[in-house]
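Student: Build me a structure from this.
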Amino acid sequence: FLFVLVQFAASLLSFRAKEFKTRLRLLLHKTELGHELSSSKPLWDGLSAFYTFLKTEFSEENLEFWLACEDYKKTRSKSKLVSKANRIFEEFIQNEAPREVNIDHETRELTRKNLTGATSACFDEAQAKTRTLMEKDSYPRFLKSTSYRKMTEQASSHGTSKQSHT
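Tutor: Modelled structure (predicted):
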């Protein structure tokens, strides 16, 4: 799961939601003040904070689904593609799924039909709906949250103390 989380930032490049990408990159790589942070720790801290926030809102399945789709798209073996597609569908898309994402009936049915072909694009529509939900709903609330503020303050003070020691 950690590897998939780390890959999340890179996966954002393949989507058109520029503002969401920019804000998330800011979260992952810089403080609000623009101080550069070194190592992958800020990346992990940012994703972890966002994931933790989603859990408090009972909507972590959106990020989990997004990440599962990104991992799925990297699958090269046709047989693995089919088995992963079925697992993702059963886990996130089908009615009453254990971690069912909030998508409309039409998108759910389109995704079900796309499973017969099991291409790397079969979850694109559902993933786009989930991304839109996060970028317009969860992510703006996260940016206003105490957890985000604390994280950026810690990163900022870390950057300030690092600068004072150089």
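Student: hey, let's count contacts and neighbours off CA atoms from now on
Tutor: Fine.
Student: all helices of this structure, in order?
Tutor: 2-11, 18-29, 41-56, 60-73, 78-88, 105-114, 124-133, 139-143, 146-164 (DSSP state H).
Student: From the contact counts, what lies against the shortest one?
Tutor: So that's helix 139-143. Applying 3 or more C-alpha pairs under 8 Å, 6 or more residues apart in numbering; DSSP states H and E, one finds that helix 139-143 makes contact with helix 41-56.
Student: Now do the helix it packs on, average pLDDT.
Tutor: Taken as a whole, helix 41-56 has a mean pLDDT of 74.
Student: Mean pLDDT lowest where, among the helices of the chain?
Tutor: Among these, helix 2-11 scores lowest, with a mean of 43.
Student: for A121, what are its contacts?
Tutor: Counting by C-alpha atoms under 8 Å, 6 or more residues apart in numbering, A121 touches K73.
Student: For it, give me the pLDDT.
Tutor: So, for A121, pLDDT stands at 94.
Student: Can you pull the phi/psi pair for it?
Tutor: Dihedral angles of A121 (phi, psi; degrees, to the nearest 10) stand at phi -100, psi 10.
Student: how about the CA coordinates for stretch 139-159, as PDB?
Tutor: Provided in PDB are the C-alpha atoms of stretch 139-159 (Å, rounded to 0.1, in the frame of the first residue of the first chain):
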ATOM      1  CA  TYR A 139      -9.900  18.100  -0.900                       C
ATOM      2  CA  PRO A 140     -11.100  21.700  -0.400                       C
ATOM      3  CA  ARG A 141     -12.300  20.700   3.100                       C
ATOM      4  CA  PHE A 142      -9.000  19.100   3.800                       C
ATOM      5  CA  LEU A 143      -7.200  22.300   2.900                       C
ATOM      6  CA  LYS A 144      -9.200  24.100   5.600                       C
ATOM      7  CA  SER A 145      -8.800  21.300   8.100                       C
ATOM      8  CA  THR A 146      -6.800  21.400  11.300                       C
ATOM      9  CA  SER A 147      -4.700  18.400  10.200                       C
ATOM     10  CA  TYR A 148      -3.600  20.200   7.000                       C
ATOM     11  CA  ARG A 149      -2.800  23.400   9.000                       C
ATOM     12  CA  LYS A 150      -0.800  21.400  11.500                       C
ATOM     13  CA  MET A 151       1.100  19.600   8.800                       C
ATOM     14  CA  THR A 152       2.000  22.700   7.000                       C
ATOM     15  CA  GLU A 153       3.000  24.500  10.200                       C
ATOM     16  CA  GLN A 154       5.300  21.500  11.100                       C
ATOM     17  CA  ALA A 155       6.800  21.500   7.600                       C
ATOM     18  CA  SER A 156       7.300  25.200   7.700                       C
ATOM     19  CA  SER A 157       8.900  25.100  11.200                       C
ATOM     20  CA  HIS A 158      11.100  22.200  10.000                       C
ATOM     21  CA  GLY A 159      12.200  24.300   7.000                       C
END
